[in-house]
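**Student:** give me a model of this one.
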Amino acid sequence: MIVFLEIYGYLPIWAWLEDYKILSFYENTVFRRNLWWGNSLKIITTLCISWIFIKQIQNEKTKKWLITILYIFPVFSILSFLTIGEFFHAYDPYVDISKTFILLICVGLYYLQILKSDEILDFFKDIRFFISVGIVIWELGMVPLGLYSGFFSLENPLYMELDRIVHQYANIFLYSVFAIGFYVDYRYNSHISKKAVM
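**Tutor:** Numbers count the residues shown, from 1 in each chain. Next up is the predicted model:
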């Protein structure tokens, strides 16, 4: 799924690099930059990733409060995009900051629950721990770039290079942490299933 989303996100760039000889329908449209795609994905990924951690929270009052926030977030984001008018031209800083706060709150409450339970003994064997570490560090590193995304243009090659480098290393870090998490989770679960069979 992520591979498809990433490939689709590169289509406008490919069209631009080929001087719109390929995929010419992107030229002179609001879709020539894929910021609208990134803005849409921010809402969707925030809801999905937050839900991973909300499902783990055992306090029903806290869970309902977080679910209410998840219902409000898309409405707030759409209203923000409509009023600011940056949906096709830049990342909305209010949506970026809101997204980061929602994810940090969900992850923070997940960590708090781990600390209050016996899960603290085996937290490093759970894929959610690795997802949370990757997401928190990635979000904290990427929010400043999102706030200054208006500077991303051909007239500002230094910012474009900075953005490229930070994105490259942040993504390598994020997906490496995910890969380690999947490996550890697989090893732990396969070890448990072997014990159950014996």
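**Student:** which residue lies nearest the spatial centre of the protein?
**Tutor:** What sits nearest the mean C-alpha location of the chain, by CA atoms, centre = their mean, is residue 45, with 5.3 Å.
**Student:** so it is in which element?
**Tutor:** Assigned by DSSP states H and E, residue 45 belongs to helix 35-54.
**Student:** elements contacting that helix?
**Tutor:** Packed against helix 35-54 by the contact rule (3 or more CB pairs under 8 Å, 6 or more residues apart in numbering; DSSP states H and E) you find helix 2-17, helix 60-84, helix 93-115, helix 127-147. For every residue, glycine as well, the C-beta is placed using N, CA and C.
**Student:** can I see the domain layout of the chain?
**Tutor:** Structurally, the chain divides into domains by automatic domain parsing as follows: 1-32, 33-197.
**Student:** can I get those domains in JSON lines including mean pLDDT?
**Tutor:** As requested, these are exported to JSON lines (pLDDT from 0 to 100):
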{"stretch": "domain 1-32", "mean pLDDT": "69"}
{"stretch": "domain 33-197", "mean pLDDT": "87"}
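**Student:** right, so these: which one is the most enclosed?
**Tutor:** Among the domains of the chain, ranked by average contacts under mean count of other CB atoms under 10 Å, first place goes to domain 33-197 (a mean of 15).
**Student:** need the longest helix for this structure.
**Tutor:** Taking DSSP state H as the assignment, the helix of the chain that covers the most residues is helix 157-197.
**Student:** just how off-centre is that one within its chain?
**Tutor:** Relative to the chain's own centre, helix 157-197 is displaced by 13 Å; criterion: CA atoms, centre = their mean, to the nearest Å.
**Student:** which elements pack onto that helix?
**Tutor:** For helix 157-197, the packing partners by 3+ CB pairs under 8 Å, 6+ apart come out as helix 127-147.
**Student:** and the contacts of the helix it packs on?
**Tutor:** 49, 52-53, 56, 91, 93, 96-97, 99-100, 103-104, 107, 110-111, 114, 123, 162-163, 166-167, 170-171, 173-175, 177-178, 180-182, 184-185 (CB atoms under 8 Å, 6 or more residues apart in numbering).
**Student:** go on, stretch 169-179?
**Tutor:** Defining contact as CB under 8 Å, 6+ apart, one finds that stretch 169-179 is touched by 130-131, 133-135, 137-138, 141-142.
**Student:** what about 10 Å?
**Tutor:** Contacting residues not belonging to stretch 169-179 are listed as 2, 6, 127, 129-135, 137-142, 145 [CB atoms under 10 Å, 6 or more residues apart in numbering].
**Student:** how about that stretch as PDB, C-alpha atoms only?
**Tutor:** Below are the C-alpha coordinates for stretch 169-179, written out as PDB (Å, rounded to 0.1, in the frame of the first residue of the first chain):
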ATOM      1  CA  TYR A 169      17.700  10.300   6.400                       C
ATOM      2  CA  ALA A 170      14.400  10.600   8.400                       C
ATOM      3  CA  ASN A 171      12.800   8.000   6.100                       C
ATOM      4  CA  ILE A 172      15.800   5.700   6.300                       C
ATOM      5  CA  PHE A 173      15.600   5.900  10.100                       C
ATOM      6  CA  LEU A 174      11.900   5.400  10.200                       C
ATOM      7  CA  TYR A 175      11.800   2.400   8.000                       C
ATOM      8  CA  SER A 176      14.900   0.900   9.600                       C
ATOM      9  CA  VAL A 177      13.200   1.100  13.000                       C
ATOM     10  CA  PHE A 178      10.000  -0.500  11.500                       C
ATOM     11  CA  ALA A 179      12.100  -3.300  10.000                       C
END
